[in-house]
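Trainee: would you be able to build a 3D model of this:
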Amino acid sequence: MDKSKRLFLKSKRSFRRRLSPIQSGDRIDYKNMILLYRFISQQGKILSRRVNRLTLKQQRLITIAIKQARILSLLPFVNNEKKEFEKGESTTRTTTIVLKKKI
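Mentor: Okay, here's the model as predicted:
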């Protein structure tokens, strides 16, 4: 074969299909917290379907289950674990008046 014809041939590499993160025995339910925590980011957001590698039906069921768990306060709506100011520090500015003695 010429080099010009070889350029158009696709390389045959094996395709390995990724396994779904949800097995057939797993129930998608608002009470299954171990399963739901896998599909939530550290900020508490629901991860996208592309990141989760879920089917459309599975993503819908996961979203509904997470929203139900949030309403029942099993999951937080937002994860606010930012470092807060220490109580010893004052966040407001104070001005001091210095009186000079006249000599």
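Trainee: make it CA atoms for all contacts and neighbour counts henceforth
Mentor: Noted.
Trainee: can I get the top helix by length along the chain as CSV, trimmed to CA atoms?
Mentor: In the chain, with assignment by DSSP state H, the single longest helix is helix 56-71. What follows is helix 56-71, C-alpha atoms only, in CSV (Å, rounded to 0.1, in the frame of the first residue of the first chain):
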residue,chain,number,x,y,z
LEU,A,56,-30.7,9.3,30.9
LYS,A,57,-33.2,7.3,33.0
GLN,A,58,-30.7,6.6,35.8
GLN,A,59,-29.7,10.3,35.9
ARG,A,60,-33.3,11.3,36.2
LEU,A,61,-33.9,8.8,39.1
ILE,A,62,-30.7,9.9,40.9
THR,A,63,-31.7,13.6,40.6
ILE,A,64,-35.2,12.9,42.0
ALA,A,65,-33.8,10.8,44.8
ILE,A,66,-31.3,13.5,45.8
LYS,A,67,-34.0,16.2,45.7
GLN,A,68,-36.2,14.1,47.9
ALA,A,69,-33.4,13.5,50.4
ARG,A,70,-32.6,17.2,50.5
ILE,A,71,-36.3,18.0,51.3
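Trainee: part of a helix, is V51?
Mentor: Yes: with DSSP: H, G, I helix; E, B strand; the rest coil as the criterion, V51 is located in a helix.
Trainee: any stretches of the chain with poor pLDDT?
Mentor: Residue ranges of the chain with pLDDT under 70: 1-12, 15, 81-103.
Trainee: again, only this time at 50
Mentor: 83, 85-86, 88, 90 (pLDDT under 50).
Trainee: please enumerate the helices of it.
Mentor: Under DSSP H, the chain gives helices at 3-6, 33-37, 49-52, 56-71.
Trainee: of those, which is nearest R13?
Mentor: Nearest of these to R13, taken as Cα to Cα: helix 3-6 at 15.8 Å.
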